[in-house]
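In: please find the sequence and the predicted model below.
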Amino acid sequence: MSTTDTVTKRVRLTARVTPEVKAVIQRAADLTGRSLTDFLVGSARVAAEETIRSHEVIRLSARDSAILIEALLHPPAPNEKLRAAAEDYRRFVGE
């Protein structure tokens, strides 16, 4: 295996901030014993993962969970509109 196979490619990410913002971020990095870059990348990744998780995960109350489980375990019989939609789908897709 060559050296390039084991090295992870890196890309540059830049941001322009005011001196005040940089000072605050630098202070936080210093307090945690991390470099400015490590602090920024780590903090941005945590925030990004939380944002993604909050948009991808559906949280239900206990009541809503019970309603969902009941519907999954005992689904209602299809009504006329659902049967018609299924028939339209079969005609469109062709079985």
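Out: Arrived safely.
In: packing partners of the longest helix seen in the chain?
Out: Ordering each helix of the chain by length in residues (DSSP state H) puts helix 36-56 first. Packing partners of helix 36-56 (3 or more Cβ pairs under 8 Å, 6 or more residues apart in numbering; DSSP states H and E): helix 19-32. Just so you know, the C-beta spots here come from the backbone N, C-alpha and C atoms, and that holds for glycine as well.
In: roughly how far does the residue sitting nearest the centre point of the chain sit from S43?
Out: The chain has I52 as the residue nearest its centroid, 2.2 Å off, counting by Cα atoms, centre = their mean. Distance of I52 to S43, given as Cβ to Cβ, to the nearest Å: 15 Å.
In: ok, now which ones touch the residue nearest to the centre of the chain?
Out: Counting by Cβ atoms under 8 Å, 6 or more residues apart in numbering, I52 touches no other residue.
In: what's the closest non-adjacent residue to L60?
Out: In space, and not counting its chain neighbours, L60 is closest to L68: 6.5 Å by Cβ to Cβ, 6 or more residues apart in numbering.
In: mean confidence score for the host helix or strand of that neighbour?
Out: Using DSSP states H and E, L68 sits within helix 62-73. The average pLDDT for helix 62-73 rounds to 96.
In: and it, how far out from the chain's middle?
Out: 24 Å (Cα atoms, centre = their mean, to the nearest Å).
In: residue furthest from the geometric center of this protein?
Out: E80 (37.4 Å).
In: what number of residues lie near F39?
Out: Here the number of neighbours of F39 (other Cβ atoms under 10 Å) works out to 19.
In: cool, the one 3 residues further on as well?
Out: Burial of G42, expressed as a neighbour count using other Cβ under 10 Å, amounts to 13.
In: just the one 4 residues further on next, same as before
Out: As a burial measure, the neighbour count of V46 was computed by other Cβ under 10 Å and equals 10.
In: and it, how far from I52?
Out: Distance, V46 to I52, using Cβ to Cβ: 11 Å.
In: cool, G42 as well?
Out: From G42 to I52 the distance is 16 Å (Cβ to Cβ).
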